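>>> Take a look and give me a structure for this.
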Amino acid sequence: MLKGSDGRRRVVMAADRAAHRAGLRVGMPLTKAQALVEDLIVHDADVDGDSQALDRLAGWALQTYSPVVAADPPNGLILDITGAAHLHGGEAALLDALIRKLSEKEIEACAAIADTWGAAHALARFVARPITMVPPGDSARAVRNLPAAALRLPMNLVESLSVLGFDTIGELLAQPRAPLVHRFGRELGRRLDQISGHLAEPIDPVELPDVAEVKRVFFEPIGAPETLARYTAKLTVQLCDALEARGEGARQLDLHFIRVDGRIEAVRVGMAQPVRDPTRLTRLLCDRIETVDPGFGIERMRLIATQAEPWVHTQITTQDNNAPDLAGLIDTLSNRIGAERIYRLAAVESDVPERSVKRTSPLAVIPLGWPLHWPRPIRLFRRPEPVLPLAELPDHPPRVLTWRGTRHRVVAADGPERIFGEWWKQDGETWAVRDYFRVELDTGERLWLFRSGDGEDSATGSHQWFLHGMFA
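Modelled structure (predicted):
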């Protein structure tokens with residue numbers, strides 16, 4: 001357990017699982033904790049060290065997941081994923097990836113998505129196991145049954161509310177606001193308005209050290225899309241000049257539009273390789289400007305190269321080079337539909353079909369070519385689908401098969417191609433066998449079927465038939 005100070009009181013700052021099972025809670029007076037647990041091991045909390053570590057973690061999250069990230073002390077991060085979730089496959093996929101990456105860093109975390117900072121803060125700490133997603137407009141209902149401590153109030157104020165019978169957020173929201181504020185102060189009213197979305201809570205994002213960035217402050221707020229695009233182009237030229245002076249190219253850009261109410265509207269674009277071409281970067285950024293809500297006006301703009309790499313100069317020759325430059329197309333598609341959906345397939349040295357392919361970067365150089373001694377389908381199913389065949393065992397293809405509830409007649413077939421299991425990877429594949437057949441149906445479809453097992457020995461497989469792929 002870690003102890004620290006809350007004003008003049010010594011309180012519990014952090015506790016492990018064993019301490020929680022013993023009844024200890026963060027914010028509990030130290031004397032009470034020591035009374036509950038005999039021989040309690042207590043260490044001083046390193047508040048400054050924790051704060052620095054939280055800022056570093058916020059910087060990592062900013063580079064990886066969202067253009068607007070701030071530390072939410074003492075143990076949280078707040079991310080504004082508006083306009084960034086699609087780059088990671090959606091909100092649920094982004095949260096899953098975030099929790100998984102933190103787990104790889106040996107950090108146990110819970111996460112929540114809600115309309116407001118206050119609601120997300122409360123749900124992540126009191127509900128998420130490990131993920132909670134609240135539909136838009138439903139945050140106030142989702143937090144009604146949470147304890148008053150979820151409002152980010154001082155502990156002494158929470159205790160005072162409890163004495164008067166206010167234990168949940170819903171009970172406080174149901175009360176007239178004026179008597180509450182008069183009795184407990186403006187802080188309570190402010191937190192209630194923030195968690196319900198009636199009061200904006202701007203995020204002051206963490207700043208990355210030693211990155212190229214440019215800013216623009218306006219004498220009068222702007223809001224027209226063409227005006228935003230014009231100043232985006234000017235900032236992009238300035239940033240490219242800064243990148244050139246540093247000998248770098250941008251791999252990821254964040255464009256912040258700071259509104260007059262303090263809210264930040266952010267645009268994030270990524271590139272498949274380092275870029276510092278103003279025209280190309282301006283086009284990518286302006287494609288996303290339509291998602292920006294200027295509100296009552298934009299008073300500042302900020303363009304940051306959150307990811308940059310050394311610029312590698314290439315020799316230009318007079319010889320004709322007919323190889324197309326796909327980098328621009330890949331960047332455009334990645335920023336529209338998500339980078340994880342744009343990839344190349346590379347061959348892997350494996351006879352097992354589902355292990356013979358892997359995803360690589362769309363611009364990666366693939367050294368290993370595809371084997372040509374056996375034809376392979378252009379579409380390989382993620383999971384083989386069962387089929388019911390009428391076949392002559394053990395070495396003949398089926399004459400009739402039922403797939404997805406429809407009966408088909410086989411008019412031509414070729415095979416078998418026998419593939420053995422990789423016994424050096426899994427013990428269960430020591431005797432495993434698959435016999436693959438190429439068959440053509442009476443409807444014209446050409447399928448890739450296999451029988452699990454050699455048709456005789458049950459140790460080699462179940463002898464069931466599966467559809468694994470389709471030819472053109």
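>>> list the helices and strands the strand ranked longest in the chain packs on?
Longest strand in the chain, counting residues (DSSP state E): strand 406-420. Under the contact definition 3 or more Cβ pairs under 8 Å, 6 or more residues apart in numbering; DSSP states H and E, strand 406-420 sits against strand 398-403, strand 433-441. Placement of C-beta: from N, CA and C, glycine included.
>>> Which of those strands sits closest to Glu248?
strand 433-441 (49.6 Å; Cβ to Cβ).
>>> Does the spatially most central residue of the chain lie in a helix or a strand, and which?
Nearest residue to the geometric centre of the chain (Cα atoms, centre = their mean): Leu94, 2.1 Å. Using DSSP states H and E, Leu94 maps to helix 91-104.
>>> hmm, back to that, hmm, the residue nearest to the centre of the chain is touching His86, no?
No - look at Leu94 against His86 with Cβ atoms under 8 Å: they stay out of range, at 9.2 Å.
>>> just to revisit the earlier point, now do the contacts for the residue lying closest to the residue nearest to the centre of the chain once chain neighbours are set aside.
In this structure, Leu94 finds its nearest non-sequential neighbour in His88, 4.0 Å apart by Cβ to Cβ, 6 or more residues apart in numbering. Counting by Cβ atoms under 8 Å, 6 or more residues apart in numbering, His88 touches 65, 94, 97, 338, 340.
>>> I'd like to know how far His88 sits from Thr116.
21 Å (Cβ to Cβ, to the nearest Å).
>>> cool, and Val214?
Noted for Val214: a distance of 31 Å to Thr116, by Cβ to Cβ.
>>> Between these two, which is the more surrounded one?
Between Val214 and Thr116, counted using other Cβ atoms under 10 Å, the more crowded position is Thr116 (21 against 18).
>>> just to revisit the earlier point, could you redo the helices and strands packed on strand 406-420 as CSV and give each row mean neighbour count, distance to Pro135 and mean pLDDT?
Converted to CSV, those look like this (neighbours: other Cβ atoms under 10 Å; distance: least, Cβ to Cβ, whole Å; pLDDT from 0 to 100):
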stretch, mean neighbour count, distance to Pro135, mean pLDDT
strand 398-403, 17, 38, 90
strand 433-441, 21, 45, 92
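>>> right, so of those, which gets closest to Leu54?
Nearest to Leu54 among the helices and strands packed on strand 406-420 is strand 433-441; the distance by Cβ to Cβ comes to 51.4 Å.
>>> Spell out the residue ranges of the helices in the stretch 251-400 of the chain.
Listed in chain order, the helices of the stretch 251-400 of the chain (DSSP state H, counting those that start in this stretch) span 278-286, 327-337.
>>> And for the stretch 51-200 of the chain?
91-104, 117-126, 139-142, 155-163, 169-173, 177-184, 186-196.
>>> and the fifth one, which residues are buried?
In this case it means helix 169-173. 169, 172 (16 or more other Cβ atoms under 10 Å).
>>> name the helices or strands packed onto that helix?
Counting contacts by 3+ Cβ pairs under 8 Å, 6+ apart, helix 169-173 packs against helix 186-196.
>>> Rounded mean pLDDT for the helix it packs on, please.
Mean pLDDT, computed over helix 186-196, is 91.
>>> Report all helices and strands that it contacts.
helix 117-126, helix 139-142, helix 155-163, helix 169-173, helix 177-184.
>>> So which of those is nearest Glu220?
Using Cβ to Cβ, the nearest of the helices and strands packed on helix 186-196 to Glu220 is helix 117-126, at 29.1 Å.
>>> quick one, that closest one and helix 186-196 angle?
Here the directions of helix 117-126 and helix 186-196 differ by 80 degrees (axes from the mean of the first three to the mean of the last three Cα atoms, to 10 degrees).
>>> distance between the lengthiest helix in the chain and the chain's centre?
Counting residues, the longest helix in the chain under DSSP state H turns out to be helix 225-246. Taking the mean of its C-alpha atoms, helix 225-246 sits 28 Å from the chain's own mean (Cα atoms, centre = their mean, to the nearest Å).
>>> That one packs against which elements?
Where contact means 3+ Cβ pairs under 8 Å, 6+ apart, helix 225-246 is packed against strand 213-222, strand 248-259, helix 278-286, strand 298-310.
>>> if you compare the ones you listed, which one is most tucked away?
Most buried of these, by mean neighbour count (mean count of other Cβ atoms under 10 Å): strand 248-259, with a mean of 22.
>>> what distance separates stretch 266-285 from the middle of the whole chain?
That offset, for stretch 266-285, works out to 21 Å (Cα atoms, centre = their mean).
>>> Please disregard the earlier target; I meant stretch 456-468.
Using Cα atoms, centre = their mean, the offset of stretch 456-468 from its chain centre is 39 Å.
>>> buried stuff in that stretch?
Buried residues in stretch 456-468, defined by neighbour count with 16+ other Cβ under 10 Å: 460-461, 463, 465-468.
>>> Also stretch 218-238?
For stretch 218-238, by 16+ other Cβ under 10 Å, it's 222-223, 228, 231-233, 235-236, 238.
>>> Identify the farthest-apart pair in these.
Using Cβ to Cβ, the pair of the buried residues of stretch 218-238 lying farthest apart is Gly223 and Gln238, separated by 21.7 Å.
>>> Just say which of the helices of the stretch 51-200 of the chain is most tucked in.
helix 117-126 (a mean of 23).
>>> tell me what it is packed against?
strand 76-80, strand 111-113, helix 139-142, helix 186-196.
>>> list the contacts for Thr360?
Thr360 neighbours (Cβ under 8 Å, 6+ apart): 343-346, 366.
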